[in-house]
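Engineer: Below: sequence and its predicted model.
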Amino acid sequence: MITLTNLSKIFRTELIETHALRNVNLQVNEGEFVALTGPSGSGKSTLLNILGTLEGFDEGDYLLDGKSVNGLPDSELSKLRNQKIGFIFQSFNLIKDFSIYDNIELPLRYRGLKAKERKDRIESALELVGLQARRNYLPSQLSGGQQQRVAIARAIAGQPRILLADEPTGNLDSLMARQVMELLEQINKQGCTILMVTHDPDQARRASRNIQIVDGQLHDSTLYEPLASQSA
Amino acid sequence: MEQFIYYLKVSLKSIKRAPLPYALTILILSVGLGVFFANATFYYRLNSDPLPDKSDKLFFPMTLITPYECNNCLPPRVLSYSNVQKLSNSGIPSAQAAMYSSAGYARLTLENLPTPVSLRVTQRDFFEMFEVPILHGTVWSDGSAENQVLVTKATALSLFGRTDVVGESILLDDITFSVIGVLNDWQMLPRLYDANGRNHLSEGADIYLPLETGYDLNYLSNTNSVSYDDTDYRQLATEGRAGALHQLQFWVQLDTPADQQRYQQFMLRLAEDEKSAGRHPAPINNQLVPITEIVDYFGDASGDIEAFALVTLLFLVVCLLNAIHLALNRYLSNQYEFSLRRALGASRSQLQLQMLADVLLMTIFSLAGALLIAYAGVVLMNALLPQNSLFSSWDIALIIALVMAALICSYIVTLYPSLRASFGSLNQQLKE
Amino acid sequence: MSLSLLLKVILHRKIVTTLLLVQLAITLALLLNSILLANQTHQQLNQPTGLELENTLLVQLKPTTPQLRQHPALEDLMQRQIDALQNIPNVVAASYSNQALLTQGGSNGNLYDVEREDTSNIESVPIYTTSPEFFDVLNVEVLQGELPSYSDAPDENGHVGIVLTESLAKALFPEQTSFVGLQLNRGPVRAVVSDFYGQRKRSPGNETLNSIQVIPPESVDWGYTLILRTTQGQANSVREQLTGTLQQVEPNIEVYYIRTLAEQQRELYSNEYGLASLLAILTALMLLVTMISSYSSTHFHVLKRNQEIGVKRALGASKGLIFLELLSEGWICTLAGAILGVGCALILNQSLSQVISLPSLNWWLPLVTSAILLLSVTLATWYPAAIAIRVSPATATKAL
């Protein structure tokens, strides 16, 4: 599903070069639930951004479904994101002026789906997150947990193969955080691959695989284990 | 005061943080005000009252006493000599003068090259009626034809090199005239007594000579002369006084409404008498036009300036809307700061004071810009519409009006955005 | 991005959008009317005059001493002046006239067919009294009859023959096709020549109604005109010699002006030209203001919506799509403003035509001006929109 080989990312200023990621090799298979942990500034978010094609990289290669994303034009990358990848952000990133419904609809519109199909998908996404009754609300009228559930609905309405979540519970209290985690697990069970950046060791334990990043290098603590358990 | 200076400093600081939006706001406001003000200069000047004390007392009587058969027609814009005489016999006005404009060539001796001069051929009440200041000498003692002239100060200076030239003689088209008076600097703007074919926009005459002398010497009107019979317009001296040759403007001063009423009655009776004598073939249509309405009556109002008044006002509105829009953006960018101040305990009134400091600064900047642009605008309008160029100067009243306009505009531009910024929900803004 | 969502965004910013719409509408109204006025002035300046504008020179002058303004000195003076002018190289012909061409007002009189005074009377026909060379100077075509000369004897009423322009002849004698010999109140028709522009009239189309009489000058009241035609392209070199030549003939003259007919025409329409220029400048300023406002509005919203753009990018909108979205917002506002603007333009057109002469709106100008407005807004939005799409979605989504 995802293959990174010798991938490096360097941030350059006039005086210094910082290696955000160094020779990262990573293989993520379909259906995995991967938790990325590590101290601040270790490169977790950078890795997630690269995986989401929001950011480029300097060396190495990134194969998504066996195809390299390196050198693809912006329009192709946008298409890739739209069809294969869903994002969940720590700060939800809902569009303020749009209703819940419109927010979820946005990626479907970018994909050019017909109105009927958009409607069906939005309805089922809303049902999944349990917010059907709030479809015409504005984001500001919802609680944080509800907003994050809308963001999840938006991410999965397009039925992506991969869900990238950057500290999805970072802004939520523990009750809401648990609800969100349960939702993510449910989505993962339906076959969606999830990569999640988190600080919370409890949450990390609930993932099928844990990867720790320190100074831009990966330490895969449960390498191959989930693979083995899956194949078993 | 010290507090206000602090607010001014804060305003300046916030301008420095984002100079471009502020500069654009000022630019737009200056352009709008400047363009509006440039045109307003002409509009104000052209519509100003040159004789505020007596403009309600001066009237131009017109009648149809002439061999002209027509229906529904207005009386001619100029009067014949005989009509002026008939109208002059009323005894009602406290002053009255007939007049026309002409041109000639003046020199001191036959050896000099003649200089072109503009002439006003008129009667003695003219000077009192239009409050003409006399520097030296006096006006003619009566209405008889004498070779006596009054000259303007500038003409005296250009011919003699000095102003006190009473008693000197000059050659006007090679006929000797004696100078009996010199006018002080005098510019009646607009020159309403000569409102005919937009002449009221031009400079006054150089030399003033008696009406009878003008007729005797065949000085032809260079504005408007119409014959309603076979009178030869060239033969003023012989045919001009008796024939239906219309070329005179005639002004009467009627001091009270009762006088005006009586004069109307007098004109009506005169027209009826003339009609029964067969000298008034057209239906009676007398006009007694106040001096303040004469330009409109003749249809010579400066349409271009009026058209522009409308257009520049719209432009100012657009600029104002625009500036509000820009200022709104600017304030919304600073909204966080606003909210923070309020969270730190600034009262709304303190924020309003801050707003006043903003208004003051904006007034100063936009006023400076507006003056600059208005000046350029006036120069440009003088070049493109030169006939109005006498009406392009500024006076204190006009400048004060501009300052007020700038202040009001700056206030409007600042008021709404800052209200929005300072009255928004504190909680929400800080959370964002 | 769908239209409905764009509209939602625009409508969400009620006040800003209203400000923008009102402003766009007024701008369009002004733009429309100033183009209308400019177009009218252009047409006036380009209407056919029947004259060789570039090769014909006018000298307006007046003798400064009384005796030179009377018979016989005047006739002699004019003849000497014309002779001197004709001796200047590249002068084809020179003539005097009591009044200039392409003027506002002048020496006029009424003309009528003596047999039908009531129905044929035409008021205020310019009456040119000239020397015989006048027709050669104007280079008009003789359509009927023979051109008069000084030696023509007056008829029993003391009248000399009158030359009419073709349009005047037809206006006076609508039933006739042959005009020579017909009697007018000021004399018999001597010849008919092709039309030329005499005086500007209140009702357009009457500018070519002119009559000419060849009479030696008796006296001069307001000055007179010397008209000369030069060979092609020589007007300027001839003009340089005119003042000197005339001063040499007689120093006691005041020359009011020397102009080519082309300059005279511009002078005649200088007021319209000035007004059209001022309106054009104002319109340019207005477009500038609109551009500044579009620019800053887009710029500001882009700053405010950095995060939103980042999110959209993450959700799969390409740079091109975001760019188009930003431009479309401007386009939608402009189009809405333009529709309002046509209404405003109609109102403005009616108010303006009460104080100045202005043609009424036609159907294509609103389209043209809307296109201009659209182009300006697009230009102004381009840069901030281009900046906006450079936003890194990674950073933008991390914001706050």
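Structural biologist: Great, that's in hand.
Engineer: Downstream of the longest strand along chain B, the next helix or strand is which one?
Structural biologist: Assignment by DSSP state E gives strand B:95-107 as the longest strand of chain B. Going down the chain from strand B:95-107, the next helix or strand is strand B:115-122, by DSSP states H and E.
Engineer: Mind listing residues that contact that following strand?
Structural biologist: Strand B:115-122 is contacted from outside by B:97-107, B:126, B:155, B:158-159, B:172, B:203-211, B:213-215, B:219, C:64, C:254, using C-beta atoms under 8 Å, 6 or more residues apart in numbering or on different chains. All C-beta spots, glycine's among them, are computed from the backbone N, C-alpha and C.
Engineer: buried subset of those?
Structural biologist: B:97-107, B:126, B:155, B:159, B:172, B:204-211, B:213-215, B:219, C:64, C:254 (16 or more other C-beta atoms under 10 Å in any protein chain shown).
Engineer: can you count the residues close to the residue nearest to A:Val129 when sequence neighbours are not counted?
Structural biologist: Once flanking residues are discounted, A:Val129 sits nearest to A:Arg149: 4.0 Å by C-beta to C-beta, 6 or more residues apart in numbering or on different chains. A:Arg149 is flanked by 26 other residues according to other C-beta atoms under 10 Å in any protein chain shown.
Engineer: For stretch B:41-53, give me every contacting residue.
Structural biologist: With C-beta under 8 Å, 6+ apart, stretch B:41-53 has contacts from B:55, B:58, B:130-131, B:188-192, B:201, B:291-292, B:302, B:305-306, B:308-309, B:374, B:378, B:381, B:388, B:391-394, B:398, B:401.
Engineer: Go back to these and keep what's next to chain C.
Structural biologist: B:Glu306, B:Phe308, B:Met381 (C-beta under 8 Å from any C-beta of the partner chain).
Engineer: Up against chain B, what does chain A have?
Structural biologist: Within reach of chain B by C-beta under 8 Å from any C-beta, chain A has these residues: A:Ser140.
Engineer: Dead centre of chain A: give me the residue that sits there.
Structural biologist: Most central in chain A under C-alpha atoms, centre = their mean is A:Leu164, positioned 0.8 Å from the mean C-alpha point.
Engineer: where does that residue fall, phi/psi-wise?
Structural biologist: phi -110, psi 120 (degrees, to the nearest 10).
Engineer: and the gap between it and A:Glu76?
Structural biologist: Distance, A:Leu164 to A:Glu76, using C-beta to C-beta, to the nearest Å: 18 Å.
Engineer: and what of B:Leu326?
Structural biologist: Distance from B:Leu326 to A:Glu76, by C-beta to C-beta: 39 Å.
Engineer: Walk me through the domains of chain C.
Structural biologist: C:3-46+C:271-398, C:104-128+C:141-216 (automatic domain parsing).
Engineer: among the ones you listed, which is nearest chain B?
Structural biologist: The closest of those to chain B is domain C:3-46+C:271-398. By C-beta to the nearest C-beta, the value is 3.5 Å.
Engineer: And the closest one, end to end?
Structural biologist: Domain C:3-46+C:271-398 has its terminal residues 28 Å apart, counting by C-alpha to C-alpha, to the nearest Å.
Engineer: Is it positioned near chain A?
Structural biologist: Yes. Counting by C-beta under 8 Å from any C-beta, chain A has neighbours in domain C:3-46+C:271-398: C:5, C:8-9, C:12, C:307-308, C:310-321, C:392-394, C:397-398.
Engineer: No further queries at this time; thank you.
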